[in-house]
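> Give me a 3D structure for the following:
(3 chains)
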Amino acid sequence: MAEDEYTVEIDERLCKGCFLCVWTCPVDALRESDRRNERGYRLPEYVGGCRGCRQCELICPDLAIEVRRKGEGS
Amino acid sequence: MSGRVEFLQGNEACAEGAIAAGCRFFAGYPITPSTEIAERMSERLPEVGGVYVQMEDEIGSLAAVIGASWAGVKAMTATSGPGFSLMQEHMSFAAMTETPCVVVNVQRGGPSTGQPTKASQSDVMQARWGGHGDYEVVALAPSTVQEMYDLTVECFNWAERLRVPAVLLADEVVGHMRERVILREDVETVDRELPEEGEEVREPFPLEPDDLVPPMPVFGRGHRVHVTGLTHDERGYPATDDPEVHRRLVRRLCNKVRKRARRIHESVGYDLIERESDLALVAYGGCARTVLEAAEELNATVFRPRVIHPFDPDLVRRLLDGYEVLVVEMNLGQYVEMIERALDAECVHALEYPGGYPPTPERVIEEAERLQG
Amino acid sequence: MNWRDLIRWERMPHILCPGCGNGTILNVLVRALAEKFEAGELDPDRTVLVSGIGCSSRLPGYVRLDSLHTTHGRPLAFATGLKLANPDLEIIVLTGDGDAAAIGGNHLIHAARRNLDVTVICSNNLIYGMTGGQVSPTTPEGAKSTTTPYGNPEPPFDLCELVMGAGAPHVERWTTAHPQQLKRAIHRALERDGFSFIDVLSQCPTNYGRRNDLKSPREMLEWLRENTSTKDEPGKIRIGILRDEERKPFHERVHELIEEVSGDEEGG
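Here you go, the predicted model:
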């Protein structure tokens, strides 16, 4: 299997666990996890397969998501 | 005093004073007996490159004035009782955000719609306590058409110096009276202190700035400041849950005015005519005109403050201690409450005269004689 | 410019609830602005955010630009003074349904009538969120709120129709389920001279969804996606560009008049 061209980074400090990222992702590259952040919010996790549409990045109400093309800086 | 001599109505002189002070923005809403100020400004401002706008109400008028002030322009509105009531929301906002602006209130009889075409001094307390919260304003009361000009300039200067709303607490008597006035060319104007252009201001609201007044980072100059009516910390950020931040903020908002009370009174001036008498008359604004006449007739001392707020109890004590004091005002007793606080209350008496006209000198004399029994 | 340079990170995370539509609006706005600044089409030092009171009005406090968080319903009146006093300022007004259409309704229609050159982004979440979920002028008939426990007996305002009726030349409606389209709408609004109004149907999971059978932010966005259409479809809310015309903005008319009068003065 070819390695993903993109990766999805979630800032756990900012996330409030609304999972709109999971809802909007057209390729199910994100899912709900059982991990919680310091403030007790349950976190989403990246499971692979991102194609770089950046819809999760744009919808995130907490500005907590960054989609990166691998090998590029921020 | 050099300048052009004209024969003007008080309201017109006020508009000319504003322009001389550097006012280049007026937003207002028509209301008797202040409308001539708006009319004159609508004609004069475009001539000097300024903006006039008639807003949809008085709430919006003072909002637009505050907006213009944050754009770096000296701005004013003018109204009367009912409109002044509507403006209280933004008197409070201007005080909290430390926005220099001038509000002219040509007082008429109230409560409510009251006596639109008649004079009154019943907004003395509202000028200071009208909005919600702890704050102080500067309020000046003119007695002549010349003072409608001069004290409008003073209002702008104190608003700019202290970053506060300043109120010209006029009344229908001086607003509509016509007199000779010198449109002085040598007026001293004060401009707010600005931070360096292009510099991000990280602490626009320091808790203890020099002189208690921080420089004003107006918008569009690269300061990148957040301004809010919420209780804010030195960065301008909301800090509504911290009691100490709130205490320090409101204390500074009040102290920057209170601690200058003497300086403001001495700089703006007051009339004190001392005569060999046990009686002192006290009056301000349009009402003072007949009282000055009565005092002469009675051979009594007379004190006419031009500064109504901030009150300076020490000054009043120094000037009037030992007299039987008769305060004459066109309301049911407002300024007299402040005088009572400064002096032995038993020596303070009031001729409370609402109704639309100042008392005649004869009426004042009658009251004084009754008092002296 | 990277959008990250526009956030006051020391204030993050923000005060908004999990899944709040205002967060998406903040997200989309700072990205749209960063693109405009990057392209040199706007100057960050001359761009000002103005807001009223409510959840949506808290957004300017998170953006590293000059910003004025004013009183309830009045941001457009403050913006009128700012714009007329300094026409070089680009002004974005952030407001909500209660702020813009109830207490600020009069300022809204008059700013539209004058054609004040501002971009208004109205986060329309159908409820007073900050105070805990009271009925607003856009709450649907029959909907539950803390002050309509038996269902809302009032018909709602259509904010776009309202401002178009008052003369607004550029009016669009989108939802927080359409962030890409919303970003393009903000771009257009910033490019237009005059009064641009974007009605953003938004979700308040805490105070609206919870009481109206929409249990999660996701369900609310699902609802927004399914019940809106860019075409006129029966039973659906019309979204998209509803009007895009040109009309001379207020500040231009005022300043032309000033030029004319002050020019006459100097010449005469």
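
> ok, residue B:239 touching residue B:232?
Yes: using C-beta atoms under 8 Å, residue B:239 and residue B:232 qualify as a contacting pair, with a distance of 6.0 Å. Just so you know, the C-beta spots here come from the backbone N, C-alpha and C atoms, and that holds for glycine as well.

> Who has more neighbours out of the two?
Summary of the neighbour comparison: residue B:239 and residue B:232, criterion other C-beta atoms under 10 Å in any protein chain shown, with residue B:232 having more neighbours (23 against 17).

> Residue C:161 - how many residues pack around it?
Residue neighbour count, defined by other C-beta under 10 Å, stands at 12 for residue C:161.

> just the helices in chain A please.
All helices of chain A, identified by DSSP state H, fall at A:20-24, A:55-59.

> Which elements pack onto the first one?
The reference is to helix A:20-24. Applying 3 or more C-beta pairs under 8 Å, 6 or more residues apart in numbering or on different chains; DSSP states H and E, we find helix A:20-24 packed against strand A:30-36, helix A:55-59, helix C:217-226.

> what do residue B:239 and residue B:232 both touch?
With contacts defined as C-beta atoms under 8 Å, 6 or more residues apart in numbering or on different chains, the residues shared by residue B:239 and residue B:232 are residue B:245.

> can you list the helices and strands packed on helix A:20-24 in JSON lines and add mean pLDDT?
Formatted as JSON lines, the entries for those read as follows, by pLDDT from 0 to 100:
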{"stretch": "strand A:30-36", "mean pLDDT": "97"}
{"stretch": "helix A:55-59", "mean pLDDT": "98"}
{"stretch": "helix C:217-226", "mean pLDDT": "97"}
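
> which one of these has the most crowded surroundings?
Using mean count of other C-beta atoms under 10 Å in any protein chain shown, the stretch among those with the greatest mean number of neighbours is helix A:55-59 (a mean of 22).

> residues near residue C:107, how many?
The number of residues packed around residue C:107, counting by other C-beta under 10 Å, is 30.

> Quick check: phi and psi on the closest residue to it other than its chain neighbours?
Taking C-beta to C-beta, 6 or more residues apart in numbering or on different chains as the measure, residue C:107 lies nearest to residue C:76, with 4.3 Å between them; neighbours along the chain are not counted. Backbone torsions for residue C:76, taken as degrees, to the nearest 10, come to phi -70, psi -30.

> Look at residue C:76 and report its pLDDT.
Predicted confidence (pLDDT) at residue C:76: the value is 98.

> would you list every one of the strands in chain A?
Assigned by DSSP state E, the strands in chain A fall at A:6-10, A:30-36, A:42-46, A:65-69.

> Contacts for the third one, please.
So that's strand A:42-46. Outside strand A:42-46, the residues that touch it by C-beta under 8 Å, 6+ apart are A:7-10, A:12, A:15, A:17, A:19, A:21-22, A:29-37.

> swap the cut-off to 7 Å and go again
Applying C-beta atoms under 7 Å, 6 or more residues apart in numbering or on different chains, the external contacts of strand A:42-46 come out as A:7-8, A:10, A:12, A:15, A:17, A:19, A:21-22, A:29-37.

> How about the first one?
Contact partners of strand A:6-10, identified using C-beta under 7 Å, 6+ apart, comprise A:29-30, A:43-44, A:46, A:50-52, A:56, A:64-70.

> what's the most distant pair in those?
Every pair in the contacts of strand A:6-10 was compared (C-beta to C-beta); the two farthest apart turn out to be A:43 and A:69, at 22.9 Å.

> Neighbour count: the two, which is higher?
When residue A:43 is set against residue A:69 and neighbours are counted by other C-beta under 10 Å, the residue ahead is residue A:43, at 17 against 12.

> where does that one sit relative to chain B, distance-wise?
According to C-beta to the nearest C-beta, to the nearest Å, residue A:43 and chain B sit 27 Å apart.

> what's near enough to touch the residue nearest to residue C:204 when sequence neighbours are not counted?
Taking C-beta to C-beta, 6+ apart as the measure, residue C:204 lies nearest to residue C:125, with 4.1 Å between them; neighbours along the chain are not counted. By C-beta under 7 Å, 6+ apart, the contact set of residue C:125 is C:21, C:96-97, C:202-204, C:208.

> Now tabulate those residues in JSON lines and tack on pLDDT, secondary structure and neighbour count.
As requested, these are exported to JSON lines (pLDDT from 0 to 100; DSSP: H, G, I helix; E, B strand; the rest coil; neighbours: other C-beta atoms under 10 Å in any protein chain shown):
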{"residue": "C:21", "pLDDT": "98", "secondary structure": "helix", "neighbour count": "32"}
{"residue": "C:96", "pLDDT": "98", "secondary structure": "strand", "neighbour count": "33"}
{"residue": "C:97", "pLDDT": "98", "secondary structure": "helix", "neighbour count": "27"}
{"residue": "C:202", "pLDDT": "98", "secondary structure": "coil", "neighbour count": "31"}
{"residue": "C:203", "pLDDT": "98", "secondary structure": "coil", "neighbour count": "32"}
{"residue": "C:204", "pLDDT": "98", "secondary structure": "coil", "neighbour count": "29"}
{"residue": "C:208", "pLDDT": "97", "secondary structure": "coil", "neighbour count": "25"}
